[in-house]
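Q: Output the structure for:
(one chain, ligands or ions: 2)
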Amino acid sequence: MKYVSTRGQAPELTFEQAMLTGLARDGGLYVPAEIPVMGHADIAALAGLPYEEVAFRIMRPFIGDTFTDEEFQGIIERAYAGFGHAARAPLVQLDQGHFLLELFHGPTLAFKDFAMQMIGQMFQAALARSGNRVTIVGATSGDTGSAAIEAFKGLEAVDVFILYPHGRVSEVQRRQMTTPPEANVHALAIEGHFDDAQARVKDMFNDFEFRDGVRLAGVNSINWARVLAQVVYYFTSAVALGSPHRKVSFTVPTGNFGDIFAGYIAKRMGLPIDRLVVATNLNDILHRCLTSADYTPDGVIPSISPSMDIQVSSNFERALFDAYGRDGAAVAQLMDELKAGGFRVSQGAQQALREHFDSGRCDEDQTRATIRRLRATTGELLCPHSAVGVHVAEQHLHRDVPMVTLATAHPAKFPDAVEAASGIHPPLPPRMADLYDRPERLTPVPNDLQAIETLIRERIAP
Ligand SMILES: Cc1ncc(COP(=O)(O)O)c(C=O)c1O
Ligand SMILES: N[C@@H](CCOP(=O)(O)O)C(=O)O
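A: Residues are numbered from 1 along each chain as shown. Ligands and ions are numbered 1, 2, ... in the order given. I've put the predicted structure just below:
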């Protein structure tokens, strides 16, 4: 299995190289050269299997000879051992034909744990074999950062630097990043919003002297391995609802387009997914683009679903690559236009996107009303991101096709917003009950590439 860049100018890599490389050297994102397709019988055979076994069968064709079967099984077992639910990703029925996929039973209470725990294990195994050290740099609007710190804290061969937008993550998210005492963890509070943090991370990858000097690695969803691990729960949930004998649709609270892109990969692999519905908050650039073809960021608006306060949606580039017939030059051109302000998707590419994706938007009042109503009617207490998903899903229900909405975070990560909407203060699980008492450690940084690179160099100096 080879991986190619969405901008067509970087060398093809193996899975292991793509995982450790992060961003391609031409600024693009790695994707598999070909998507392996699973037959009807192979998908049917997933019914009733433990999550770990499904994960093995789905991911195995993508990893080539990076790990033996035995090593890979061990990695998967260790990755999911710390999850607080035997099913790992349980399905709950909300209404006739509408289901919620709870993805918040991992160690940091968000869907990011599904991929980050896997990546942590895979990095450890690969680095132990090579004897190399890496410097991980990540951008977060709250959840990627805490999941990455949880997965990499205390590892000998890794320093992990997480840039989060100062004052724009929830207190629980911030404390999850700033309270781990391990010396290899560095929480950096950047002046600006998530798009600034993500842009600086990409700048660091595009500064080859810095990148090679510190052996930079990335754990944002620019890393293909992140997307791959998220493909698995589309299969477990669809099969539980009758696939491959029956079609299923998904609604995904979306920001950086990584999670929904994993659903698209599941569909390309043969899972009979009918619609993939992009659910956005006020930062609705993806909804606007899918409906009007215009992709022009117009400033991030802070919302009560802060993890989705994103206007430059990194993985949309992967979807555009396919929509433009895998024409790297066309994607590179669009990304240049984006740097200059924005771009328009061609008619053909928009049509190609709309073959798979629908979209919708949920404002702040609708988010609060959905949290309140779902608590009253189903007993389910939603986080604001999941509420955005449920609201949009409700506009896309079809009688004959079950809809699965992804519940991407635990309500206790956003207690103030949830309490304001529902009157209920969601408690943290007992293992985190002292989160508010633990000392915090963070470094404020300006939105300035040189300053951030200097700080990282100083911190990792022997
Ligand atoms: C809780 C939550 N929901 C939804 C999203 C959006 O996911 P994606 O960025 O993969 O579109 C995020 C951030 O990524 C998140 O943290
Ligand atoms: N919402 C994310 C933003 C980063 O997304 P990623 O999937 O590219 O890591 C977060 O919580 O940090």
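Q: Check whether residue 259 really touches residue 111, as I assumed.
A: Yes: applying C-beta atoms under 8 Å, one finds residue 259 in contact with residue 111, separated by 6.5 Å. In short, each C-beta sits where N, CA and C put it, glycine included.
Q: Which of those two has more residues huddled nearby?
A: residue 111 (30 against 27; other C-beta atoms under 10 Å).
Q: Let's test this: mean pLDDT of the longest helix along the chain, rounded?
A: Identified as the longest helix of the chain according to DSSP state H is helix 112-130. The pLDDT scores in helix 112-130 average 97.
Q: so what's in contact with residue 259 and residue 111 at the same time?
A: Common neighbours of residue 259 and residue 111 are listed as 230, 406, 408 (criterion: C-beta atoms under 8 Å, 6 or more residues apart in numbering).
Q: For these, pick the one with the most neighbours.
A: residue 406 (30 neighbours).
Q: Checking it next. Helix, strand or coil?
A: Three-state call for residue 406 (DSSP: H, G, I helix; E, B strand; the rest coil): strand.
Q: For it, give me its contacts.
A: Per C-beta under 8 Å, 6+ apart, neighbours of residue 406: 101, 103, 111, 250-253, 259, 386, 389.
Q: Residue numbers of the stretch 351-462 of the chain in contact with ligand 2?
A: Within the stretch 351-462 of the chain, no position is near ligand 2 by C-beta under 6 Å from any ligand atom.
Q: need the helices for the stretch 351-462 of the chain, in chain order.
A: Along the stretch 351-462 of the chain, the stretches classed as helices by DSSP state H, counting those that start in this stretch are 364-378, 384-394, 415-422, 449-460.
Q: most packed of those helices?
A: Highest mean neighbour count among the helices of the stretch 351-462 of the chain (mean count of other C-beta atoms under 10 Å): helix 384-394, with a mean of 30.
Q: what about it and ligand 1, any contact?
A: Yes: Helix 384-394 reaches ligand 1 (C-beta under 6 Å from any ligand atom) through residue 385.
Q: Only alpha carbons, please: show that helix as CSV.
A: Extracted C-alpha coordinates of helix 384-394, given in CSV (Å, rounded to 0.1, in the frame of the first residue of the first chain):
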residue,chain,number,x,y,z
PRO,A,384,-23.0,20.9,22.3
HIS,A,385,-21.1,19.4,19.3
SER,A,386,-23.3,16.3,19.4
ALA,A,387,-26.3,18.5,19.7
VAL,A,388,-25.3,20.3,16.5
GLY,A,389,-25.2,16.8,14.9
VAL,A,390,-28.6,15.8,16.2
HIS,A,391,-30.3,19.0,15.1
VAL,A,392,-28.9,18.7,11.5
ALA,A,393,-29.6,15.0,11.4
GLU,A,394,-33.2,15.7,12.1
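Q: Now do the helix or strand harbouring residue 264: which elements does it pack against?
A: With secondary structure defined by DSSP states H and E, residue 264 is part of helix 258-268. The contact analysis (3 or more C-beta pairs under 8 Å, 6 or more residues apart in numbering; DSSP states H and E) places helix 258-268 against helix 224-240, strand 248-253, strand 273-280, helix 316-323.
Q: Which positions in the stretch 301-450 of the chain make contact with ligand 1?
A: So the stretch 301-450 of the chain meets ligand 1 at 307-308, 385, 408-409 (C-beta under 6 Å from any ligand atom).
Q: please redo it, this time with the cut-off set to 5 Å
A: Proximity of the stretch 301-450 of the chain to ligand 1, by C-beta under 5 Å from any ligand atom, involves residues 307, 385, 408-409.
Q: hmm, back to that, mind putting the helices and strands packed on helix 258-268 into a markdown table with distance to ligand 2 and mean pLDDT?
A: Below are these laid out as a markdown table (distance: least, C-beta to the nearest ligand atom, whole Å; pLDDT from 0 to 100):
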| stretch | distance to ligand 2 | mean pLDDT |
| --- | --- | --- |
| helix 224-240 | 6 | 98 |
| strand 248-253 | 9 | 98 |
| strand 273-280 | 12 | 98 |
| helix 316-323 | 11 | 98 |
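Q: now the residue in the stretch 301-450 of the chain that ligand 2 sits nearest to: how far from residue 234?
A: As assessed by C-beta to the nearest ligand atom, ligand 2 sits closest to residue 307 within the stretch 301-450 of the chain, at 4.0 Å. Separation of residue 307 from residue 234 (C-beta to C-beta, to the nearest Å) stands at 20 Å.
Q: Endpoint to endpoint, stretch 212-222 covers what distance?
A: With C-alpha to C-alpha, to the nearest Å as the measure, stretch 212-222 spans 18 Å from end to end.
Q: helix, strand or coil for residue 70?
A: Going by three-state DSSP: residue 70 is helix.
Q: what number of residues lie near it?
A: Neighbour count of residue 70, defined by other C-beta under 10 Å: 8.
Q: same question, residue 425
A: Using other C-beta under 10 Å, residue 425 has 11 other residues around it.
Q: contacting residues around the helix or strand residue 337 falls within?
A: Assigned by DSSP H and E, residue 337 belongs to helix 328-339. With C-beta under 8 Å, 6+ apart as the test, helix 328-339 has contacts from 4-9, 26-28, 295, 297, 312, 317, 320-321, 324, 343, 345.
Q: Many thanks, we can stop here.
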